[in-house]
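Q: can't give you the sequence, but here's the structure:
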């Protein structure tokens, strides 16, 4: 497991706290935090269960809370779980160039698609956009895994 340090640890911890909030509300523990030049712009969590909304993923909630922006080039998105195809497509569409993934064992997501889309071509097995790291601190992986199992019920 990677060791989180400095600002990156703080931002991933914020995302994890959002995931825990969703989990405690009976939802899925998936969340994201958007950061630009060391400043948190927005944080959101998965609201699919709570709002009965199939597209209320953690990344989408975070992007909604950030509001409209002219440019996403300097933004880093910290996400507790590797983004699904919908969220990965949105990340590519908005031009978010840096995504830090907290966990990709329970759901591998679409790292290959996202990386290739940023380069203009899709070639499976060639990641490059995402920087995957370990979970933010002890206990996070277990909570996230329990929540992901909840999603499959």
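A: Looks like it arrived, so ask away. Being a predicted model, the structure only gives us computed values, none of them experimental. Numbering: from 1, shown residues only.
Q: now for the host helix or strand of residue 9, which elements pack on it?
A: When elements are assigned from DSSP states H and E, residue 9 belongs to helix 6-24. In this structure, helix 6-24 packs against strand 31-36, strand 39-45, helix 58-66, strand 75-79, strand 98-101, helix 140-152, with contacts taken as 3 or more C-beta pairs under 8 Å, 6 or more residues apart in numbering; DSSP states H and E. C-beta: built from backbone N, CA, C; applies to glycine.
Q: could you give the angle of it to strand 75-79?
A: 50 degrees (axes from the mean of the first three to the mean of the last three C-alpha atoms, to 10 degrees).
Q: buried sites along helix 6-24?
A: 8, 10-16, 18-20, 22-23 (16 or more other C-beta atoms under 10 Å).
Q: Next, find the distance separating residue 15 from residue 70.
A: Separation of residue 15 from residue 70 (C-beta to C-beta, to the nearest Å): 24 Å.
Q: Please apply the same query to residue 105.
A: Counting by C-beta to C-beta, the gap from residue 105 to residue 70 is 36 Å.
Q: neighbour count winner among these two?
A: Legend: neighbour count by other C-beta atoms under 10 Å for residue 105 and residue 70, higher for residue 105 (12 against 5).
Q: tell me the SS of the more buried one?
A: With DSSP: H, G, I helix; E, B strand; the rest coil as the basis, residue 105 sits in coil.
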